[in-house]
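*Asks:* Model the structure of this input:
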Amino acid sequence: MNSGPISLLSQSSLQDYVDCSLRFKLRYLERLSYPALESEPALENEKHQQEGEYFHRLIQQHLIGISAEQIGKLANTPNLQRWWSNWQEFSKGQNLGKTYSETTLSAPLGKYRLLAKYDLISVKDGKATIYDWKTYRKRPRNEWFAARMQTRVYRAMVVQAGAHLNDGQPFAPEQVEMVYWFGDFPDDPARFAYNSAQYKRDWDMLLKLAGEVETASSYP
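*Replies:* Numbering: from 1, shown residues only. Just a heads-up that it's a prediction; the model follows:
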């Protein structure tokens, strides 16, 4: 049963639309649970995903001021202990400036509103660095990340809607960078700078996709 039109878009829903418009229809228009294909036993995969979500919460708690010692006691599985130890080492070398953890930006996109929820945005010397924590077992290639909606949406949204993070001054695309940090590959983050041509390309693409979503009548 169709639950009616949607009003919000996100990198996840747009990625679904690009990858498989039928999946988009089932998930976001008909509100059906559409499970991902399991490449491993379902329980093991689910446990790894839950640990990843819990790890995100540990970092968030540390960024708002809870001591590393306290949080270390909560890292109670081998995966969590390893990720937490690796993150502590990584974060020591980062001069983060002003931090916005688990923050959300939104902006109009055609007839929709586009939402982006960030693990961390750090602002220092007028530059915004987007951090996203990943707990993949294998490190994807940078080319894969570069093409993903998350990379394109997250950088564009900081330019489009991030001025309040910078004392009211909009960020130029050249002042934005995105960093994927991997719990199991801590010394090999994926970094993506940005420029005005990429921003124009990304925003034009997002407007085009929003128009397609609005007028779609079939979902192959």
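
*Asks:* Could you measure from residue 76 over to residue 51?
*Replies:* In this view, residue 76 and residue 51 are 10 Å apart by C-beta to C-beta, to the nearest Å. (Each C-beta comes from the backbone N, C-alpha and C, glycine too.)

*Asks:* now do residue 62
*Replies:* To residue 51, residue 62 is 17 Å away according to C-beta to C-beta.

*Asks:* Over to residue 208?
*Replies:* 37 Å.

*Asks:* helix/strand/coil for residue 118?
*Replies:* Residue 118 carries the three-state label strand when classified by DSSP: H, G, I helix; E, B strand; the rest coil.

*Asks:* and the closest residue in space to it that isn't next to it in sequence, what helix or strand is that in?
*Replies:* Using C-beta to C-beta, 6 or more residues apart in numbering and skipping residues adjacent in sequence, the residue nearest residue 118 is residue 103, 5.4 Å away. With secondary structure defined by DSSP states H and E, residue 103 is part of strand 98-109.

*Asks:* Show me what the longest helix anywhere in the chain is packed against.
*Replies:* Assignment by DSSP state H gives helix 42-63 as the longest helix of the chain. Other helices and strands packing on helix 42-63, by 3 or more C-beta pairs under 8 Å, 6 or more residues apart in numbering; DSSP states H and E, are helix 68-74, helix 78-92, strand 98-109, strand 112-124, strand 127-134.

*Asks:* just the angle between it and strand 112-124, please?
*Replies:* Per axes from the mean of the first three to the mean of the last three C-alpha atoms, to 10 degrees, the angle that helix 42-63 makes with strand 112-124 is 50 degrees.

*Asks:* May I see the buried residues of helix 42-63?
*Replies:* By neighbour count on 16 or more other C-beta atoms under 10 Å, the buried set for helix 42-63 is 51, 52, 54, 55, 56, 58, 59, 60, 62, 63.

*Asks:* now do stretch 90-106
*Replies:* Buried residues in stretch 90-106 (16+ other C-beta under 10 Å): 90, 99, 100, 101, 105, 106.

*Asks:* State the pair within the residues you listed that is farthest apart.
*Replies:* Maximum pairwise distance in the buried residues of stretch 90-106, criterion C-beta to C-beta, is 29.1 Å, between 90 and 106.

*Asks:* okay, now residue 158: neighbour count?
*Replies:* When counting by other C-beta atoms under 10 Å, one arrives at 29 neighbours for residue 158.

*Asks:* Quick check: what element follows the helix or strand containing it along the chain?
*Replies:* Assigned by DSSP H and E, residue 158 belongs to helix 149-161. Next helix or strand after helix 149-161 toward the C-terminus (DSSP H and E): strand 176-182.

*Asks:* Could you list the residues in contact with that following strand?
*Replies:* 87, 90, 127-136, 139, 145, 151, 154-155, 158-159, 188-194 (C-beta atoms under 8 Å, 6 or more residues apart in numbering).
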